[in-house]
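Undergrad: Provide a 3D model corresponding to the input given below.
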Amino acid sequence: MRIKACTCHDENDTIDVVTTDNTKMYLLCAAIENSSHTDMIGRSKLRWLKDKEPATYAEFVVKGDLQDFLDRYAESYHQQQDTMEKQLKAHFVGDKAYAAAMAREIMMYGE
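TA: Okay, the predicted model is just below:
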């Protein structure tokens, strides 16, 4: 099943999906996200997907790949943050807490 059209509705947090065989679906994003096991980082990525790439969001849901995507995304994100934190700790030898806080801030706002 391939997605032909997709529209995100912020006012009721839904996505309307039309597939290539003209099947229509209405995704209730809040319910989908509440049933997912994710953290603030994953929810932020889902918000971005809904706003920028609703068809990708819908495809993950329709194919049942949303949780796997969230798990892989969180793992990659935290690995990057850990790497950055190690680099900053090497630079800020006397203040490891500051280095850790900087790594979190860069990951949160630096993209």
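
Undergrad: among the helices and strands of this structure, which has the poorest mean pLDDT?
TA: helix 96-109 (a mean of 84; mean pLDDT, DSSP states H and E).

Undergrad: Could you check that one and say which residues are buried?
TA: The neighbour-count check on helix 96-109 (16 or more other Cβ atoms under 10 Å) flags A99, A100, M102, A103, M107 as buried. (Each C-beta comes from the backbone N, C-alpha and C, glycine too.)

Undergrad: Put together TSV for these, with distance to I41 on each row.
TA: Below are the buried residues of helix 96-109 laid out as TSV (distance: Cβ to Cβ, whole Å):
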residue	distance to I41
A99	19
A100	16
M102	17
A103	13
M107	8
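
Undergrad: Would you mind finding the longest helix in the chain?
TA: Using DSSP state H to define each element, the chain has its longest helix at helix 66-91.

Undergrad: What residues of that one count as buried?
TA: Buried, per 16+ other Cβ under 10 Å, within helix 66-91: L66, F69, L70, Y73, A74, Y77, Q81, M84, E85, L88, K89.

Undergrad: just checking, what packs against that helix?
TA: With contacts defined as 3 or more Cβ pairs under 8 Å, 6 or more residues apart in numbering; DSSP states H and E, helix 66-91 has these neighbours: helix 40-52, helix 96-109.

Undergrad: closest to T19 out of those?
TA: Of all those, helix 40-52 sits nearest to T19, with 18.4 Å by Cβ to Cβ.

Undergrad: who's in contact with that closest one?
TA: For helix 40-52, contacts defined as Cβ atoms under 8 Å, 6 or more residues apart in numbering pick out 8, 15, 29, 33, 36, 38, 56-57, 60, 70, 73-74, 77-78.

Undergrad: Can you pull out the residues in contact with stretch 97-108?
TA: Applying Cβ under 8 Å, 6+ apart, the contact partners of stretch 97-108 are Y77, Q80, Q81, D82, M84, E85, L88, K89, H91, F92.
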